[in-house]
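**Student:** sequence plus the predicted model coming up.
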Amino acid sequence: MTKTFLITGVSSGLGRAFALAALEAGHTVVGTVRKDTDDFAGLHPERSHVRLLDVTDDDAVQAVAADVEKSVGPIDVLIANAGYGLEGTFEETPLAAVRDQFDVNVFGTVSTVQAVLPYMRERRRGHILAVTSMGGLAGFPGVSAYCGSKFAVEGILESLAQEVAGFGIHVTAVAPGSFRTDWAGRSMTRAPRRVADYDELFGPIRDARRDASGRQLGDPARAAAAVLRILDVDQPPRHLVLGSDALRVVRTARDAVDRDLAAWDELSRSTDFPQPA
């Protein structure tokens, strides 16, 4: 069955890959971009539509959702993809940069989901997906603000999924690993270096990320195919990890949490009020 998609951030990267795959599969796609120079609307004469949108403009987000519902059709699938990376050690990252990161990655996603959700709830159907990251399930040095923003989205979606399950709405957090996109290149914002104490740790990390840009393991087209695959199953996953590197990283992080739980089990239990024998 063909569907109508709303996908934010289709000018490049995974957002573009998701949109192209959906169009190829015969779906209708409304893609949002920040600049009117994008050629997305020309990809298909009838099924590709473009809207200018800054996801940090809440009123504009609401207006775009309403316009799509009225002029294109009921939104069956939302992919909240718009976002960017912010690199820098925690101490060196300006607070204003952290706020900007959360404004786009967290509040932009929240605004988009809130704009679409009432329509899906009234129809008692729909699928909400948001692109998080393996950095939303495991922390890395040098991208604390980015990981924090993606952890926040993971938590929001985890709660949302439980709230809307009774309405026939599915919610999936899509957590990619390293894919061959511009994320680590021109799309990455980098905080300036100023604290020499971090040179030994962070210098090689920053250099390695730059060197790997364009040579990552993940194929965006295969990621898009994986996302399309879960849209037609009865019980789609609430968490979809994409990439063998992401699987390895997330499993390692989960194992570390499990070790702490086991090692400190007695101390954790000690904080309860004493229970009657």
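**Tutor:** Yep, that arrived.
**Student:** tell me which residues in stretch 121-131 are buried?
**Tutor:** For stretch 121-131, burial by neighbour count (16 or more other C-beta atoms under 10 Å) applies to 121, 126-131. C-beta coordinates here come from the backbone N, C-alpha and C atoms, glycine included.
**Student:** among the residues you listed, which lie within helices?
**Tutor:** Residues of those located in helices (DSSP state H): residue 121.
**Student:** can I get the buried residues of stretch 121-131 in a markdown table with pLDDT?
**Tutor:** Compiled in a markdown table, the buried residues of stretch 121-131 are given as follows (pLDDT from 0 to 100):
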| residue | pLDDT |
| --- | --- |
| 121 | 98 |
| 126 | 98 |
| 127 | 98 |
| 128 | 98 |
| 129 | 98 |
| 130 | 98 |
| 131 | 97 |
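**Student:** can you name the two of the buried residues of stretch 121-131 that are farthest apart?
**Tutor:** 121 and 131 (22.2 Å; C-beta to C-beta).
**Student:** pick the one among the buried residues of stretch 121-131 closest to residue 103.
**Tutor:** residue 130 (15.4 Å).
**Student:** how near is the closest one to residue 193?
**Tutor:** 31 Å (C-beta to C-beta, to the nearest Å).
**Student:** shouldn't residue 5 be within a helix?
**Tutor:** No: using DSSP: H, G, I helix; E, B strand; the rest coil, the assignment for residue 5 is strand, not a helix.
**Student:** who touches it in this structure?
**Tutor:** 18-19, 22, 27-30, 75-79 (C-beta atoms under 8 Å, 6 or more residues apart in numbering).
**Student:** before we move on, what about residue 225?
**Tutor:** Contacts of residue 225 by C-beta under 8 Å, 6+ apart are residue 21.
**Student:** residue 46 now?
**Tutor:** Taking C-beta under 8 Å, 6+ apart, one finds residue 28 in contact with residue 46.
**Student:** from residue 52, how far off is it?
**Tutor:** 20 Å.
**Student:** same question for the longest strand seen in the chain, mean pLDDT?
**Tutor:** In the chain, assigned by DSSP state E, the strand with the most residues is strand 169-176. When pLDDT is averaged along strand 169-176, the result is 98.
**Student:** list of residues touching it?
**Tutor:** Taking C-beta under 8 Å, 6+ apart as the rule, strand 169-176 contacts 14, 79, 117, 120-121, 124-134, 136-137, 150, 153-154, 157-158, 160-161, 164, 218, 223, 227, 230, 236-243, 246, 250.
**Student:** give the PyMOL command for selecting the buried subset of those residues.
**Tutor:** Paste this into PyMOL to select the buried members of the contacts of strand 169-176, with burial taken from 16+ other C-beta under 10 Å:
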select buried, resi 14+79+117+120+121+126+127+128+129+130+131+132+133+134+136+137+150+153+154+157+160+161+164+218+223+227+230+236+238+239+240+241+242+243+246+250
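**Student:** return the subset of the contacts of strand 169-176 lying in helices.
**Tutor:** Counting by DSSP H, the contacts of strand 169-176 contribute 14, 117, 120-121, 150, 153-154, 157-158, 160-161, 164, 223, 227, 230, 246, 250 to helices.
**Student:** confirm that residue 68 sits in a helix.
**Tutor:** Yes: under three-state DSSP, residue 68 falls within a helix.
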